[in-house]
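# sequence first, then the predicted structure, then my questions.
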Amino acid sequence: MDIGIIGSGNIGATAARLFAEAGHEVAVSNSRGPETLEGLVAAIGPRARVSTVEEAADFGEVVLVAIPFFAYEALPTDLLAGKTVADAMNYYPGRDGEMDLDGLGSSELLARHLPDARIVKAFNTMYYETLGAGGRPDAPPGERLVLFVAGDDADAKVVVSGLIEEIGFTPVDVGALEDGRKQQPGSPIYNVPMNEAQAREELAETG
């Protein structure tokens with residue numbers, strides 16, 4: 001599968017490496033330009049290439065977005081139309097500034113900006129070092145750490161969940177995109193490593 005990566009920080013770079021190791025082609029981009037990515041791409045290996053944001057958006061069947069949330073409106077609406085977009089962004093007021101989310105979760109606000117994309121909130125709840133080292137592709141699903149997904153498009157969730165399984169984690173479906181608020185910073189499941197049984201118990205308790 002061709003995967004575009006928009007954002008080359010901790011999560012974007014880690015996910016790019018994991019996807020490439022799982023056999024996918026990845027195009028990595030950031031706001032600073034392709035020339036800043038040559039070292040990262042060389043370290044990932046031949047399945048990775050440098051790109052502009054626009055090229056990554058156009059390249060990917062799936063596009064992982066992992067940029068500071070305050071910059072979400074810079075994402076190319078036209079190029080992401082019809083794409084499965086894995087939203088790994090989090091809203092941190094201390095970093096992003098005070099933003100009016102209009103009562104929505106951050107992924108719902110992203111969906112408003114990208115009305116023709118298929119948004120799946122995923123890869124946003126786990127610390128990048130755990131993401132990078134915690135995958136266990138050979139372990140039974142019940143023994144793996146979980147990554148949560150939320151979205152309104154069932155097929156898109158299946159695709160993203162498949163990627164999560166390939167890199168050694170177990171996907172747990174939180175529900176619709178509005179339910180993705182349960183994955184946001186400060187929630188009981190945010191940045192707490194847990195297996196599937198623990199995750200489902202926590203979700204049942206939080207409603």
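Arrived safely. Owing to the predicted nature of the structure, the values given are computational and were not obtained by experimental measurement. Residues are numbered from 1 along each chain as shown.
# got a pLDDT number for the spatially most central residue of the chain?
Among the residues of the chain, the one closest to the centroid is residue 88, at 3.3 Å (CA atoms, centre = their mean). Residue 88 is assigned 98 on the pLDDT scale.
# identify the residues contacting it.
Residue 88 makes contacts with 7, 11, 12, 15, 64, 65, 66, 122, 123, 124, as judged by CB atoms under 8 Å, 6 or more residues apart in numbering. Any C-beta I mention is one placed from the backbone N, CA and C, and that applies to glycine too.
# just the ones in strands from those residues, please.
Among the contacts of residue 88, the members found in strands (DSSP state E) are 64, 65.
# pick out the most distant pair among the contacts of residue 88.
By the measure CB to CB, 7 and 122 form the most distant pair in the contacts of residue 88, at 13.9 Å.
# tell me which of these two has more neighbours.
Using other CB atoms under 10 Å, the more surrounded residue of residue 7 and residue 122 is residue 122, with 29 against 24.
# for that one, what are its contacts?
Shown in contact with residue 122 (CB under 8 Å, 6+ apart): 86, 87, 88, 147, 148, 149, 150, 160, 164, 171.
# quick check: the third one vs residue 196, distance?
Going back to what we said before, that points to residue 88. Distance, residue 88 to residue 196, using CB to CB, to the nearest Å: 20 Å.
# what's the answer for the second one, then?
In this structure, residue 87 and residue 196 are 22 Å apart, going by CB to CB.
# pairing partners for the helix or strand hosting residue 49, with directions?
According to DSSP states H and E, residue 49 maps onto strand 48-50. Strand 48-50 pairs in its sheet with strand 25-29 (parallel), by DSSP bridges.
# mind listing the helices for the protein?
Using DSSP state H, the helices of the chain run over 10-21, 38-44, 53-59, 77-80, 93-96, 106-113, 128-133, 154-166, 196-206.
# list of residues touching the longest one?
Residues from elsewhere that reach helix 154-166, judged by CB under 8 Å, 6+ apart: 1, 3, 19, 22-24, 62, 84, 86, 118-120, 122, 137, 141, 147, 149-151, 170-171, 173.
# now it: mean pLDDT?
What helix 154-166 shows for mean pLDDT is 98.
# now the angle from that helix to helix 10-21?
Interaxial angle, helix 154-166 versus helix 10-21 (axes from the mean of the first three to the mean of the last three CA atoms, to 10 degrees): 80 degrees.
# using PDB, write out the CA atom coordinates for stretch 147-164.
Extracted as PDB, the C-alpha positions of stretch 147-164 are listed here (Å, rounded to 0.1, in the frame of the first residue of the first chain):
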ATOM      1  CA  LEU A 147      -4.300   1.500  19.400                       C
ATOM      2  CA  PHE A 148      -7.700   3.100  19.400                       C
ATOM      3  CA  VAL A 149      -9.700   4.000  16.200                       C
ATOM      4  CA  ALA A 150     -12.800   6.100  15.800                       C
ATOM      5  CA  GLY A 151     -14.600   7.200  12.600                       C
ATOM      6  CA  ASP A 152     -17.800   7.400  10.600                       C
ATOM      7  CA  ASP A 153     -16.600   5.400   7.600                       C
ATOM      8  CA  ALA A 154     -16.600   1.700   8.400                       C
ATOM      9  CA  ASP A 155     -14.400   0.700   5.400                       C
ATOM     10  CA  ALA A 156     -11.800   3.400   6.300                       C
ATOM     11  CA  LYS A 157     -11.600   2.000   9.900                       C
ATOM     12  CA  VAL A 158     -11.100  -1.500   8.500                       C
ATOM     13  CA  VAL A 159      -8.100  -0.200   6.400                       C
ATOM     14  CA  VAL A 160      -6.500   1.700   9.300                       C
ATOM     15  CA  SER A 161      -7.200  -1.200  11.700                       C
ATOM     16  CA  GLY A 162      -5.400  -3.500   9.300                       C
ATOM     17  CA  LEU A 163      -2.300  -1.300   9.300                       C
ATOM     18  CA  ILE A 164      -2.400  -1.300  13.100                       C
END
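# understood, closing this out.
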